[in-house]
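Engineer: sequence first, predicted coordinates after that:
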Amino acid sequence: MMSTYKRATLDEDDLVDSTVDEVYPAVIQMAVRRGPSPRCWAERTHMERKLLVLVCVLSLALCLCFLALGFNYKAAHPGLCLSESCAKVASSVLGALDQTVDPCHDFYNFACGGWMKTNPLPEGKSRWGPFSNLWERNMAVMKQLLENTSMTGLSDAEKKAQWYYQSCMSEAKIEDLGGQPLQDLINQTGGWALTGPWDKSNFQEVLRIVSANYRTSPFFTVFVSTDSKSSNSNIIQVDQSGLGLPSRDYYLNKTANQKYLDAYLDFLVELGGLLGGSHDTSLKMMQEIVDFETALANITVSQEERRDEELIYHKIQARELGTLAPAVDWMPFLRDVFSPVELNDTEPVVVYAKDYLQKVSDLINGTDKSILNNYMIMKVVRKMVSILDQRFQDVEQRFFEVMYGTKKSCTPRWKLCVSDTDSALGFALGALFVKATFAENSKAIAEDMVSEIKQAFEDDLQYVGWMDAETKKAAKEKADAIYNMVGYPKFIMEPKELDKVFNDLEVVSDLYFQNVMQYYNFSARVTADQLRKAPNRNQWSMTPPTVNAYYNPTKNEMVFPAGILQAPFYSTTWPKALNFGGIGVVMGHELTHAFDDQGREYDKDGNLRSWWKNSSVEAFKKQTQCMVEQYSNYSINQEPLNGKYTLGENIADNGGLKAAYKAYENWVRKNGEEPLLPAVTMTNRQLFFVGFAQVWCSVRTPESSHEGVITDPHSPSRFRVIGTISNSREFSKHFNCKADAPMNPKRKCELW
């Protein structure tokens, strides 16, 4: 019977219908009934005792081995996450992959190849990716909130957001008014040469009106912002302004950009026709405007040359502007723009474009006054196109088709209106959005993640070999001092405080053009009111529904709006590997901006000053040169990237990935390995990198890619992935990339 029992326990087929509890008592009974009487310990021989002790010791050791193996197996094989959320995200991850591609050869195509095949550009879009997809979802939520006028308990500000949206949706009223509201505006400003003879000496007056009342910036831009060298105060700032096309390159490199210049001229001529000008008059006038903008482009300093703020910061008194740029009557201009604040000629002003202002003054003095007037009025017309009737929008759409390669589409009116309401009353709309979508525990979890990533970044500082100990200590203090803003500014959840902010803005429910004009006036008053006051942390540069994040060097703060704290960047039900690879890298990215080529110039209090030792400054420049060269060797559609212009964002991408990965490793060390996703045949470390890459999956028209290379300080999505991945030793380790594989080059650019 003992032998029968032994056989049954080892043969699993025999144990299917019986249990140990059923078999074991029978065995004991048989042993008692038939077996020989057990001998006591004293009766055994010395050899028997030794053998029994040895058997016991070996049995115990074997038991311990099995236990240890079990624990180790469980740690290395934590099982599968079989929740509905894990199943869905596993399907999404797998669907985006192209597993025919070697991840060590081209990680972007490996991670995003499947996504690109199943996501053709939507009609009317020049680019598409997870950011734009999430923004569309956020807009649909905002639409529902803005249209739900039966909601009770709304603050006055929230009602104004709904009225503003309603006025934008009043298409019949907008069509009925046509271009008349804009024509009236032009007449009130003094007219222009499009529809009749024009010979007026009113340059200074028109410049003041279009700048103060309509918030345009011809020739230069004037605004109020934090003083970079005195971060506890706001100050007037003057800088070069933008052009009609996205960048100076469009005007200066005519060989590559002639089709865009032609489309731009056609666009302006058509606008002139809609406002009453004959074709010939409009063509002559608009060609003069394009020629004048080309002259402006010639004196405009490229963004690449403006990256060192220490070199371009010049603080002067308002009276000195007259010496710098005598073509403008500065004191009346500033008093109008910043009315009702009292200004005198000793008012401090920061100038960021000293040489440009001198040259633009000479250009103004050397240009026919009629051309200057036409240019200033055209800046107003361009700004108002999207708030006029459908004819104006059709003309603009035809221009965009050439400019960005978009196909003509019937974009629903509500999308334009939601976006514009977010621009004008985004914090009132944001209050509705946050209450409807943002779980309060998301804020706490996100804040914990920021802290974990900050800790990981600080831990790695000690291993930065090129930086001296004293500067490292100051860098850690700066990282410690970074202020985190997550979700929304507090005031939007307090109705009285929210109403106070928008109390001075008048909104009606059926006059869209009038509402926009009221908003411009309101915005001007808000700007003027900030002068000489301390910057307010509750004043965000992004509204809560925004799918983005930012770092502000003068406040030394990071801001993560509620709009981005959602899938595919973050979800409370996802594996931490995906959360750290998604929103975690975004957090690390913004944190690293505090130490990029521009952010590093600001100290922990947000002041622009030299706080690094010279040896570390030189070492930093040497280290970053590697990255400048790396990204300059990438090209898209045979157009090389500008590694110097994109340096800050590339530093942030690389530092962000490294800090987020380190934070994930720290999390695993504290909490243990997390379950794997079902059907996804990769480790959670590999999943981290895939999650990071899939946030950047995108499709884009060639025209939009061209515009991005010229104007965007970020590298194109593909290179945001492979650029950072190829610098990551952890990536190559976890994907077993051979030495010198394309994603594992021998030369790696390492900074933070």
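Structural biologist: Happy to help now that I have it. Residues are numbered from 1 along each chain as shown.
Engineer: averaged pLDDT, the helix or strand that contains residue 501. What do you get?
Structural biologist: Residue 501 is part of helix 495-502 when elements are defined by DSSP states H and E. Rounded to a whole number, the mean pLDDT of helix 495-502 is 96.
Engineer: packing partners for the helix or strand that comes right after that helix?
Structural biologist: The C-terminal neighbour of helix 495-502 among helices and strands, as given by DSSP H and E, is helix 512-530. Under the contact criterion of 3 or more C-beta pairs under 8 Å, 6 or more residues apart in numbering; DSSP states H and E, helix 512-530 touches helix 156-168, helix 171-177, helix 180-189, strand 220-227, helix 413-437. (Glycine included, C-beta is placed from N, CA and C.)
Engineer: show me what secondary structure element comes after helix 512-530.
Structural biologist: Proceeding N to C from helix 512-530, the next assigned helix or strand is strand 550-552, under DSSP H and E.
Engineer: in its sheet, what does that following strand sit against?
Structural biologist: In the sheet, strand 550-552 lines up against strand 557-561 (antiparallel) (DSSP bridges).
Engineer: just the buried positions in the next helix or strand after the partner strand, please.
Structural biologist: Moving toward the C-terminus from strand 557-561, the first helix or strand encountered (DSSP H and E) is helix 576-579. Taking 16 or more other C-beta atoms under 10 Å as the neighbour-count basis, helix 576-579 is seen to contain the buried residues 576-579.
Engineer: send the alpha carbons of helix 576-579 over as CSV?
Structural biologist: As requested, the backbone C-alpha atoms of helix 576-579 are provided in CSV (Å, rounded to 0.1, in the frame of the first residue of the first chain):
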residue,chain,number,x,y,z
LYS,A,576,3.1,51.8,-14.3
ALA,A,577,5.5,51.0,-17.2
LEU,A,578,3.1,52.8,-19.6
ASN,A,579,2.4,55.7,-17.3
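Engineer: give me the buried positions along the single longest strand found in the chain.
Structural biologist: Among the segments of the chain that qualify as a strand by DSSP state E, the longest is strand 230-240. Applying a neighbour-count criterion of 16+ other C-beta under 10 Å, one finds 230-231, 234-240 buried in strand 230-240.
Engineer: relative to helix 413-437, how tilted is the helix holding residue 501?
Structural biologist: Going by axes from the mean of the first three to the mean of the last three C-alpha atoms, to 10 degrees, helix 495-502 is angled at 150 degrees with respect to helix 413-437.
Engineer: which other helices and strands does helix 495-502 contact?
Structural biologist: Using 3+ C-beta pairs under 8 Å, 6+ apart, helix 495-502 is in contact with helix 156-168, helix 413-437.
Engineer: mind running it again at 6 Å?
Structural biologist: If you count contacts as 3 or more C-beta pairs under 6 Å, 6 or more residues apart in numbering; DSSP states H and E, helix 495-502 packs onto helix 156-168.
Engineer: tell me which residue is most central in the protein.
Structural biologist: For the chain, the residue nearest the mean C-alpha position is residue 548 (3.5 Å; C-alpha atoms, centre = their mean).
Engineer: residues in contact with it?
Structural biologist: Residues near residue 548 by C-beta atoms under 6 Å, 6 or more residues apart in numbering: residue 542.
Engineer: need the contact list for residue 559.
Structural biologist: When contacts are counted by C-beta under 6 Å, 6+ apart, residue 559 touches 485, 540, 550.
Engineer: buried ones in stretch 465-479?
Structural biologist: Taking 16+ other C-beta under 10 Å as the basis for neighbour counts, the residues of stretch 465-479 that come out buried are 467, 471-472, 474-476, 478-479.
Engineer: again, but for stretch 535-549
Structural biologist: Within stretch 535-549, the residues scored as buried using 16+ other C-beta under 10 Å are 535, 540, 542-547, 549.
Engineer: how long is it from one end to the other?
Structural biologist: For stretch 535-549, the first-to-last residue distance is 19 Å (C-alpha to C-alpha, to the nearest Å).
Engineer: before we move on, what about stretch 634-652?
Structural biologist: Distances were taken as C-alpha to C-alpha; on that basis the terminal residues of stretch 634-652 are 18 Å apart.
Engineer: could you do stretch 208-226 as well?
Structural biologist: Stretch 208-226 has an end-to-end distance of 23 Å (criterion: C-alpha to C-alpha).
Engineer: got the contact list for it?
Structural biologist: Around stretch 208-226, the neighbours that count as contacts under C-beta under 6 Å, 6+ apart are 189, 234, 237-239, 241, 333, 336-337, 360, 376, 379-380, 383, 520, 527, 530-531, 535, 554.
Engineer: mind checking how far it is from the chain centre?
Structural biologist: 26 Å (C-alpha atoms, centre = their mean, to the nearest Å).
Engineer: repeat that for stretch 580-588.
Structural biologist: Computed by C-alpha atoms, centre = their mean, the separation of stretch 580-588 from the middle of its chain amounts to 11 Å.
Engineer: show me which of the buried residues of stretch 535-549 is closest to residue 441.
Structural biologist: residue 544 (16.8 Å; C-beta to C-beta).
Engineer: how near is the closest residue to that closest one other than its chain neighbours to residue 597?
Structural biologist: Nearest in space to residue 544, with sequence neighbours left out and distances taken as C-beta to C-beta, 6 or more residues apart in numbering, is residue 430 at 3.3 Å. Separation of residue 430 from residue 597 (C-beta to C-beta, to the nearest Å) stands at 32 Å.
Engineer: okay, those two: which has more neighbours?
Structural biologist: Taking other C-beta atoms under 10 Å, residue 430 and residue 597 do not tie; residue 430 has more neighbours (30 against 19).
Engineer: ok, now which ones touch that one?
Structural biologist: Listed by C-beta under 6 Å, 6+ apart, the contact set of residue 430 reads 488, 492, 543-545.
Engineer: and of the residues you listed, the nearest to residue 85?
Structural biologist: The closest of these to residue 85 turns out to be residue 545 (C-beta to C-beta; 23.3 Å).
Engineer: surely the closest one meets residue 137?
Structural biologist: No: shown here, residue 545 and residue 137 do not form a contact pair, counting by C-beta atoms under 6 Å, at 10.1 Å.
Engineer: what's the spacing between the helix holding residue 501 and its chain's center?
Structural biologist: On the basis of C-alpha atoms, centre = their mean, helix 495-502 is displaced by 28 Å from the centre of the chain it belongs to.
Engineer: what's the answer for stretch 483-500, then?
Structural biologist: Taking C-alpha atoms, centre = their mean, the mean C-alpha location of stretch 483-500 is offset from the chain mean by 21 Å.
Engineer: with stretch 721-736 instead?
Structural biologist: Relative to where its chain is centred, stretch 721-736 has its mean C-alpha point 22 Å off (C-alpha atoms, centre = their mean).
Engineer: what's the answer for stretch 646-658, then?
Structural biologist: Between the mean C-alpha point of stretch 646-658 and the mean C-alpha point of its chain there is a distance of 13 Å (C-alpha atoms, centre = their mean).
Engineer: contacting residues around that stretch?
Structural biologist: Contacts with stretch 646-658, where a contact means C-beta under 6 Å, 6+ apart, come from 585, 588-589, 592-593, 596-598, 627-628, 631, 713-715, 720, 724, 727, 751-752.
Engineer: any idea how far residue 105 is from residue 712?
Structural biologist: Using C-beta to C-beta, residue 712 is found at 27 Å from residue 105.
Engineer: who has more neighbours, those two?
Structural biologist: For residue 712 against residue 105, the residue with the higher neighbour count under other C-beta under 10 Å is residue 712, and the figures read 18 against 13.
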